[in-house]
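Enquirer: next one to model:
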Amino acid sequence: MRSFRFLGCSAALLLGLVSASSSFAQETKIKFQLDWRFEGPSALFLVAKSKGYFAQEKLDVTIDAGNGSGNAVNRVASGTYDMGFADMAALMEFAANNADAPAKPVAVMMVYNDTPAAIFSLKKSGIKKPADLAGKKLGAPVFDAGRRGYPIFAKANGLDASKAQWTSMDPPLRETMLARGDVDAITGFYFTSLLNLNARGIKDEDVNVMMYPDYGVKLYGNAIIASEAMIKQKPEAIKAFLRAFAKATKDVIANPEAAIKVVKERDGLIDEKLELRRLKLAIASAIATPHAKSEGYGQVFGPRLTLMASQVSDAYGTKTRVNADKVWNGAFLPSKAELDVLPK
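Expert: Numbers count the residues shown, from 1 in each chain. Sure, this is the predicted structure:
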């Protein structure tokens, strides 16, 4: 009888250990919301999944296409998604306009250290510098980051933003209206609008581009954001996600051609040549920038973030002032060595 009791206890102990081990090895599920469609820049996230970097961190990550930074912020705030990718200004606007919201997303890693926002015009229009925009018709969707941030661009370049004449349209019509001459200039992300103009038969040499960072605008661009629930309940999962992402970023920068193959696997309809150029433009203009190299990839510079918070408060006319400390949390960032992903 003692032998049977011993065997019974041993079996129960063994089952307990197996159960505990299984529980420990269980992957954490994360629903991730992109800011836009599966295009070149989405390779940063898709490569982390395709190469198993998320799985190595015991994460089961689902990546969905998006339709704008504002929606990405809202979906993470609502709990529909655990994490997302969104423009820092959109995150600031949400936080300042929803001060009493029970759950507000927070940025945990900066990806686009410089905003990709730019103003595009056709060279035949004669617009060469900011001052030439006076009295001209500008076009962009109402939620476009460049349009929302135009007052900051205007102030930095001595323009009166209140006198800007804006024409609103859906995103697919923006570059078409510029090409047709319906508007004199448009705002948009550098690596989006330039390629859209190319697709409409307009060559690079026929376009004048004023990128916001080149004209005194020091706004940050897109960041990885996390829900309040994730921050409180699964901080280690956030750290694991960012480690995997940093590893993938290094791979993407080193071999963008291979990275686009991964995007093609996710969306077979993409034009690989076009998306490869988009990815390379994004890396050069927003990711591997002088600011990113001086501040450190993934990180932010406190005074610069505070200045941006003030600028967004004014330009967006938020209900309350943006508090920089409430929209950024760098405690989950990988080590300095793991963030060493930019080319020397």
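
Enquirer: what is the neighbour count of G201?
Expert: Neighbour count of G201, defined by other C-beta atoms under 10 Å: 8. All C-beta spots, glycine's among them, are computed from the backbone N, C-alpha and C.

Enquirer: OK, contacts around the residue lying closest to it once chain neighbours are set aside?
Expert: In space, G201 comes closest to A179 once its chain neighbours are excluded; the distance is 7.5 Å by C-beta to C-beta, 6 or more residues apart in numbering. Neighbouring residues of A179 by C-beta atoms under 8 Å, 6 or more residues apart in numbering: 122, 197, 200-202.

Enquirer: now do the buried residues in the helix or strand A179 falls within.
Expert: Counting by DSSP states H and E, the element that carries A179 is helix 174-180. By neighbour count on 16 or more other C-beta atoms under 10 Å, the buried set for helix 174-180 is 174-175, 177-179.

Enquirer: show me the contact partners of the helix or strand hosting S121.
Expert: Element membership for S121 (DSSP H and E) is strand 117-122. For strand 117-122, the surrounding residues in contact (C-beta under 8 Å, 6+ apart) are 127, 133, 136, 138, 145-146, 149, 153, 175, 178-179, 184-190, 193-194, 197, 202, 206-212, 217, 219, 221.

Enquirer: just the buried ones from those, in PyMOL syntax?
Expert: Buried residues among the contacts of strand 117-122 (16+ other C-beta under 10 Å), as a PyMOL selection:
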select buried, resi 127+133+138+145+146+149+153+175+178+179+184+185+186+187+188+189+190+193+194+197+202+207+208+210+211+212+217+219+221
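
Enquirer: of the contacts of strand 117-122, which belong to strands?
Expert: Among the contacts of strand 117-122, the ones falling in strands (DSSP state E) are 138, 185-189, 207-211.

Enquirer: out of the residues you listed, which one sits closest to I270?
Expert: Nearest to I270 among those is F189, at 16.9 Å by C-beta to C-beta.

Enquirer: what number of residues lie near the closest residue to the closest one other than its chain neighbours?
Expert: Spatially, and ignoring its direct neighbours in sequence, F189 is nearest to P116 (4.3 Å; C-beta to C-beta, 6+ apart). Counted with other C-beta under 10 Å, the neighbours of P116 add up to 25.

Enquirer: OK, contacts around P116?
Expert: The contact partners of P116, by C-beta under 8 Å, 6+ apart, come to 189-192, 211, 221, 282, 285-286.

Enquirer: now do the phi/psi pair for it.
Expert: Note on P116: its backbone torsions stand at phi -80, psi 0 [degrees, to the nearest 10].

Enquirer: lovely, talk soon.
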